[in-house]
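# Here is the input, now give the coordinates:
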Amino acid sequence: MKRIEIMLVGLMVIALIMKVYHLPGAGILLTAASLSLAFIYALLGVTNFDEISIKRIFQQKLDISINNKDQLLGFVTGMSLSVGVISILFKVQHWPSSNMMLLASMLTLAIISIILARFYVNKKDIKYLNIFQRAIAVICILGVLWFSKSAIV
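Below you'll find the model as predicted:
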């Protein structure tokens, strides 16, 4: 999953560079990469950000022993990261309601980041640190887009 995530982020960066230079196909590539990354984050949220192969996610019996609090935190974080990536897409493509989506996902991810930091300090589990780093990266990008008067590209 991590290789797919890195590849999709790389495709998004390439699409943003293409969009800056107004090259044809930039919007399509950005949309495809962003929606794919949002789907991956939603899947990671369902599996609680464990290192599980994609093939194993769709098996009938996925035996993951997680408590309800961790499962809820993983699901909410995955959905918030998905909405954050989609709001980046909306802002860059100049689609309506992008500012509202940016604000909602920034606030949600900020609250989740505080909770994740607390979980990491209490449990010392590296999984929480990895999720925290993803959330902070998306919050930084959202913040740059929020405080810019218009989209960067």
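# Geometric centre of the chain: which residue is closest?
Closest to where the C-alpha atoms of the chain average out (CA atoms, centre = their mean) is Leu81, at 3.2 Å.
# Which pLDDT value goes with it?
Here the pLDDT value assigned to Leu81 is 93.
# what sits against it?
Going by CB atoms under 8 Å, 6 or more residues apart in numbering, Leu81 touches Ala38, Tyr41, Leu44, Gly45, Leu109, Arg134, Ala135, Val138. To be clear about C-beta, it is placed using only N, CA and C from the backbone, and glycine gets the same treatment.
# mind running it again at 6 Å?
Tyr41, Val138 (CB atoms under 6 Å, 6 or more residues apart in numbering).
# name the element it belongs to?
In this structure, Leu81 sits in helix 68-92 according to DSSP states H and E.
# Counting neighbours, what do you get for Val85?
The tally of other residues near Val85 (other CB atoms under 10 Å) stands at 27.
# Excluding residues flanking it in the chain, which one is nearest it?
Beyond its immediate neighbours in the sequence, the residue positioned closest to Val85 (CB to CB, 6 or more residues apart in numbering) is Ala38, lying 4.6 Å away.
# surely that neighbour meets Val83?
No - using CB atoms under 6 Å, Ala38 is not in contact with Val83; the gap is 7.8 Å.
# Give me the helix or strand of the protein that scores worst on average pLDDT.
Using mean pLDDT, DSSP states H and E, helix 54-57 stands out as the lowest-scoring helix or strand of the chain, at a mean of 64.
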